[in-house]
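Visitor: sharing a model prediction with you, sequence too.
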Amino acid sequence: MNIEQRPPGDDPASANNMHVAVIMDGNGRWASNRGWPRLVGHRKGAERVRELVNACPDLGIRYLTLYAFSTENWSRTTEEVLGLMSLFGRYIKREAGRMKKEGVRMRIIGDRTPLDPKLRALFDWIEEDTRDNDRVHLTVAINYGGRDEIRRAAQSVARAVASGMLDPDMISDQTLNAHMDTAALPDPDLVVRTSGETRVSNFLLWQAAYAEYIFTPVLWPDFTPETMNTILDAFAKRERRFGGVVT
Ligand code: IPE
Ligand code: IPE
Ligand code: MG
């Protein structure tokens, strides 16, 4: 692979510390274009995930957050939903050793309560098994929806208020943040969406308040670390103002 180490700069986002979130889209179309079942596209997509995770240190990405299954994706066929769920389990089992060795800390975000207990146990196990790692923080969003996450956070805050533990006047952005699935993560600097769609589809609605968005026509199964490198070059040219004025 031909990726130079990105130079550290003043901006924390360029100091090899970036948080990049990806809406991995286009697996189905990639497969259909070849006359193959959609699941073949998802399988190829999982290979792309593995490559990208391994390339993160070279790309200067410390936090990589991937949208793998939305709260709306249950509307797909049972075959596709079950195929995706088994792919998640297989990915974790197959990659656990390498993640442990390469310093990857894996987290799963989203509501896992309706998921298969065996898969949930695997999520608990991999989070525990990699909890001491700090080189790359890989977060995978499964049964994740931004609205659903905010709703669950609001419920959790409401419970703290109802129990007398929290004064409603003391609720700050930080309070809400601490009740989000992403409490342990910085906000994303960049959200990438593949496959040419230019919508957010319920991803990180709270956290991406000041993220840059980059949309690429590349279908996820064609997305390589080099594609990410090109996107990071485009991101580096963006001027982030955070509501201020650049003098
Ligand atoms: C993204 O690819 C993966 C998931 C949503 C699970 P799609 O499955 O949405 O692929 P397209 O958009 O139908 O091509
Ligand atoms: C978004 O892709 C969800 C994931 C990538 C997991 P979708 O393909 O589900 O989104 P829509 O339906 O095009 O908005
Ligand atoms: Mg799609």
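Guide: Received it, and whenever you're ready, just let me know what you need. Ligands and ions are numbered 1, 2, ... in the order given.
Visitor: now do the helices in the protein.
Guide: Applying DSSP state H to the chain gives helices spanning 27-32, 38-59, 78-102, 117-129, 146-162, 173-178, 225-236.
Visitor: and of these, who's closest to ligand 1?
Guide: helix 27-32 (2.8 Å; Cβ to the nearest ligand atom). Where C-beta positions appear, they are placed from N, C-alpha and C, glycine not excepted.
Visitor: and that closest one, what other elements does it pack with?
Guide: helix 38-59 (3 or more Cβ pairs under 8 Å, 6 or more residues apart in numbering; DSSP states H and E).
Visitor: can the helix it packs on be said to contact ligand 2?
Guide: No - residues of helix 38-59 contacting ligand 2 under Cβ under 6 Å from any ligand atom: none, with a closest distance of 9.4 Å.
Visitor: list the buried ones in that helix?
Guide: 38-46, 48-49, 52-59 (16 or more other Cβ atoms under 10 Å).
Visitor: how far does that helix sit from its chain's centre?
Guide: Centroid displacement of helix 38-59 relative to its chain, using Cα atoms, centre = their mean, to the nearest Å, is 13 Å.
Visitor: and that helix with helix 78-102, angle?
Guide: 20 degrees (axes from the mean of the first three to the mean of the last three Cα atoms, to 10 degrees).
Visitor: just the CA coordinates for helix 38-59, please, in PDB.
Guide: Extracted C-alpha coordinates of helix 38-59, given in PDB (Å, rounded to 0.1, in the frame of the first residue of the first chain):
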ATOM      1  CA  ARG A  38     -27.000  -8.800  -2.500                       C
ATOM      2  CA  LEU A  39     -25.300 -10.700   0.200                       C
ATOM      3  CA  VAL A  40     -22.200 -11.200  -2.000                       C
ATOM      4  CA  GLY A  41     -21.900  -7.400  -2.000                       C
ATOM      5  CA  HIS A  42     -22.100  -7.300   1.800                       C
ATOM      6  CA  ARG A  43     -19.400 -10.000   2.000                       C
ATOM      7  CA  LYS A  44     -17.100  -8.000  -0.200                       C
ATOM      8  CA  GLY A  45     -18.000  -4.900   1.900                       C
ATOM      9  CA  ALA A  46     -16.800  -6.700   5.000                       C
ATOM     10  CA  GLU A  47     -13.400  -7.300   3.300                       C
ATOM     11  CA  ARG A  48     -13.200  -3.600   2.600                       C
ATOM     12  CA  VAL A  49     -13.800  -2.900   6.300                       C
ATOM     13  CA  ARG A  50     -10.900  -5.200   7.300                       C
ATOM     14  CA  GLU A  51      -8.600  -3.400   4.800                       C
ATOM     15  CA  LEU A  52      -9.600   0.000   6.000                       C
ATOM     16  CA  VAL A  53      -9.300  -0.800   9.700                       C
ATOM     17  CA  ASN A  54      -5.700  -2.100   9.100                       C
ATOM     18  CA  ALA A  55      -4.900   1.100   7.100                       C
ATOM     19  CA  CYS A  56      -6.200   3.500   9.800                       C
ATOM     20  CA  PRO A  57      -2.800   4.100  11.500                       C
ATOM     21  CA  ASP A  58      -1.200   5.000   8.200                       C
ATOM     22  CA  LEU A  59      -4.200   7.200   7.200                       C
END
